[in-house]
Structures are given as C-alpha cells and as structure tokens.
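1. Structure here, sequence nowhere to be found:
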C-alpha cells in the first residue's frame, strides 16, 4: 500500500510537470533541501521529476551537469538514507521487543544493578545505531539530517525514557521495601544521636562507649545516604518519565521528611568541626554536591519540596570550616642533611678503598744499587 501510494504521487507529479514548468535548478534545490530535512522520500521524488524534465527537454541541461553529476549524487544519498532508516527501524523494533529485566530481590543493590542494566541497554543501542550510520559514506550535513527522521527521534526517546519506563513496575515494588528500611534507619539515627548528646552532658559518661556510639552513628548516616541515593537512581534524574505510582509510594513513606533530616544532621555534623584537612574538606563538598543533586531530582518528581533554604545553610556551614594549612618544610635543613650524608658516604668509601691494587704473586721491585744509579 505504501509503495503504491508513492507511485501514484510520482505519476501525479509527472503529469502536472508541464503545467508548472519548474526550472531544473529549482527542482534540484528542492531535492537537496528535502535531504537536509531528513526527508529522503521527497528527495527521491524530486530527483525523478528532474530526470523526467531533462528527458522531455534536453535544452534545460545542455552540458549534462545535472543528469551526470548533481542529480546522481543527490539520488545516491537519498537511497543510502533510505537504507539507513530501514535498518534503524528494524533496530528500534528489535531493541524494544528484546529488552527484558530479571526479577531481583527488593534491595539497594538491585536498584544499582537495574540501573546499570538500563545504561548498558542504552549504550548497546547507541553503539549499534552508530555502526549502521558508519556503513554508508554520506556527507556530514546529510548524516546530521538523519537526526530529524522520526525513527531517530523515537530511538532517542526510548534510550532516555523508554528503558526506564520498563523498569517502573519493578521499581515500585522495591520502593516500599527501601522506604521502610530508610524510615527505620532514620529512627535509629535519632536514637543514637540523642544518646550521644546525653553522654556529652554527663560527667560519668564512658568515653569508650561514647566513641563506639559515634562510630555507629557514622555508619547509620552513611547507610541512610546510600538509601537516599538508591531512591534517586530509581527516579533517574532529570530525564525520568512520569511515574505517579512510584511518586505516591515515596511521598506516603515520608521521604521528604527524612531528606530534610539528612540535611539538618549534615549541617550539625559540619558545625561540630572546628578544623579539617584538605582531603576531608573535599569529601564534605562532595557530599554537599550529592545532596544538592538529590534535591533537584526529588523536586522535579514532586517527591519533596525545595530544600534550597537548608542547602544554603549547609553550604555556609562548610565555608565556615577552617582548613588546616600544611606545615612549611625547612628546605635549608633538608639540604644540609643531604650534604652531610653525601660527605659521610664519600669518606666511608675512601676508608674502605684498598691501598694496594697489585696482582697477588707479583714481586716487589727493588731499589737501584749505587753502582747502577745513572751518573749525573
């Protein structure tokens, strides 16, 4: 049906050709313009029209420039684009039909694995698409025009959103387990933190026990951050599609409240620091950037209100932390120590150097006698 429709259009154009009496240059430019728009079918039609015009009147192409040089190039490019588009359509259909995800247990690790599988699927599709494009040598301007083709746009949409959409059902089932664990972790954090504060106020507090609780608090804090990260992975950042069911799951389980608690606890932790080294400071900034990214993701997906006010306090707290300056090295002292060491090595070598290098068994030459001494 599709081929028959194209044939009818061509016939109509050819029939109406004498009526319009288009200039050959104009038809050529229209064919080229169609290619630049990614419309290879229209370009093929225009090329057919141009050939028909030349066959009808040889005088419009007396030197054969259009028939022998310009039109064949446009025609070849249009044919190559047709082959490429067909291959892309097959790849698009095959990739979507074959993409499946295994059933994994509800855990943070499963979210990371699902995310990696989705990224691999997208990368594999891009690699295959690039391979198809590389099979045909067409000018860069026309290769770029392929991006305007519908199948190319469909593939971009599938890579950026369609793959994640296929994970939605699995993520919804995992979200309930993760948010339950996250709520429990948040309660544990509050409990341990409160115990540490009580011990700080007590004169009879056990220092060893307090250090143990502080390490436990640090562990819970990191674990809580890992769960926040897993939830953000499920939402897939700025390119995530709408997923009302997942959003409701996260909203009902108070992810917003926990996220606010995470930011506040980070601020309190930083405010307790008087001085840090440069490595620790970079880690503080790294955590701040992560939480800022989570805020963008949660806000975009309507999981949480904008936490910009808390983040501003967070950033200010980091900027208030003093960074330890590395102690200056006494260069002169180092040079002196190296010089003394070299002198000692030279002296040691001189002391152990053998004084007599004669081969064993060689007789010692005698002093000349008085008679054999040369006369003055």
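-> Looks like it came in fine. Bear in mind that the values here come from a model prediction, so they are computed numbers and not experimental data.
2. Can you list the low-confidence ranges for the stretch 1-150 of the chain?
-> Residue ranges of the stretch 1-150 of the chain with pLDDT under 70: 1-22.
3. Mind jotting down where the helices sit in it?
-> For the stretch 1-150 of the chain, the helices defined by DSSP state H, counting those that start in this stretch cover 2-20, 24-36, 40-56, 65, 71-98, 108-134, 140-145, 150-157.
4. And the contacts of the last one?
-> The list of residues contacting helix 150-157 from outside it, by Cβ atoms under 8 Å, 6 or more residues apart in numbering, reads 38, 85, 88, 89, 91, 92, 95, 125, 129, 146, 147. In short, each C-beta sits where N, CA and C put it, glycine included.
5. Recalculate using a threshold of 10 Å.
-> Contacts to helix 150-157, defined as Cβ atoms under 10 Å, 6 or more residues apart in numbering, come from residues 38, 84-93, 95-96, 122, 125-126, 128-129, 133, 145-147, 149, 162, 165, 239, 241.
6. Return the distance of the nearest residue to residue 264 once chain neighbours are set aside relative to residue 266.
-> In space, and not counting its chain neighbours, residue 264 is closest to residue 310: 6.8 Å by Cβ to Cβ, 6 or more residues apart in numbering. To residue 266, residue 310 is 9 Å away according to Cβ to Cβ, to the nearest Å.
7. Neighbour count: these two, which is higher?
-> The neighbour comparison of residue 310 against residue 266 (other Cβ atoms under 10 Å) goes to residue 266, with 22 against 18.
8. Quick check: the gap between that one and residue 184.
-> To residue 184, residue 266 is 20 Å away according to Cβ to Cβ.
9. try residue 31
-> For residue 31, the distance to residue 184 - Cβ to Cβ - is 67 Å.
10. The two: who's more crowded?
-> A direct count of neighbours by other Cβ under 10 Å for residue 31 and residue 184 places residue 31 higher, at 26 against 13.
11. Residue 41 is in contact with the more buried one, correct?
-> No - between residue 31 and residue 41 there is no contact, the gap being 11.1 Å when judged by Cβ atoms under 10 Å.
12. Give the intersection of the neighbour lists for these two.
-> residue 78.
13. Relative to the whole chain's centre, how far out is the biggest helix by length in the chain?
-> Identified as the longest helix of the chain according to DSSP state H is helix 163-201. Taking the mean of its C-alpha atoms, helix 163-201 sits 27 Å from the chain's own mean (Cα atoms, centre = their mean, to the nearest Å).
14. could you say what helices and strands it packs with?
-> Helices and strands touching helix 163-201, by 3 or more Cβ pairs under 10 Å, 6 or more residues apart in numbering; DSSP states H and E, are helix 71-98, helix 108-134, helix 207-235, helix 244-252, helix 255-271.
15. Just give me the residue closest to the centre of this protein.
-> residue 119 (10.0 Å; Cα atoms, centre = their mean).
16. Would you check that that one makes contact with residue 167?
-> No - at 11.2 Å, residue 119 and residue 167 do not qualify as touching, with contact defined as Cβ under 10 Å.
17. Buried residues, the host helix or strand of the residue nearest to residue 264. List them.
-> According to DSSP states H and E, residue 310 maps onto helix 308-320. By 16 or more other Cβ atoms under 10 Å, the buried positions in helix 308-320 come out as 310, 311, 314, 317, 318.
18. which one among the residues you listed gets closest to residue 45?
-> residue 311 (57.2 Å; Cβ to Cβ).
19. didn't the closest one look like it was pressed against residue 287?
-> No - if you go by Cβ under 10 Å, residue 311 and residue 287 don't touch, sitting 11.8 Å apart.
20. which residue ranges form the helices in the stretch 251-376 of the chain?
-> Under DSSP H, counting those that start in this stretch, the stretch 251-376 of the chain gives helices at 255-271, 278-300, 308-320, 331-352.
21. To residue 138, which of those lies closest?
-> Taking Cβ to Cβ, helix 278-300 is the member of the helices of the stretch 251-376 of the chain nearest to residue 138, at 38.4 Å.
22. The closest one to helix 207-235, inter-axis angle?
-> 40 degrees (axes from the mean of the first three to the mean of the last three Cα atoms, to 10 degrees).
23. same question for helix 278-300, mean pLDDT?
-> In this model, helix 278-300 carries a mean pLDDT of 92.
24. Determine how far it lies from the middle of the whole chain.
-> 17 Å.
25. ok, now stretch 154-166?
-> Worked out by Cα atoms, centre = their mean, stretch 154-166 lies 17 Å from the chain centre.
26. For that stretch, list every residue counted as buried.
-> 154, 155, 158, 159, 162, 163, 164, 166.
27. what residues are up against the residue nearest to the centre of the chain?
-> Residue 119 neighbours (Cβ under 10 Å, 6+ apart): 159, 163.
28. what about it, distance to residue 126?
-> Taken as Cβ to Cβ, the span from residue 119 to residue 126 is 11 Å.
29. what sits in contact with each of these two?
-> With Cβ under 10 Å, 6+ apart, residue 119 and residue 126 have common neighbours residue 159.
30. Hmm, residue 255 and residue 298 touching each other?
-> Yes - using Cβ under 10 Å, residue 298 is in contact with residue 255, at 7.2 Å.
31. what's the overlap in contacts for these two?
-> Here residue 298 and residue 255 have 228, 231, 247, 304 as joint contacts, going by Cβ under 10 Å, 6+ apart.
32. Surely residue 210 is in contact with residue 200?
-> Yes - when contacts are counted by Cβ under 10 Å, residue 210 is listed as touching residue 200 (7.6 Å).
33. okay, now residue 79: neighbour count?
-> Neighbour tally, residue 79, other Cβ under 10 Å: 16.
34. measure it to residue 345 for me?
-> Distance from residue 79 to residue 345, by Cβ to Cβ: 80 Å.
35. pLDDT weak spots in the stretch 251-376 of the chain?
-> 326-333, 353-376.
36. Noted, bye for now.
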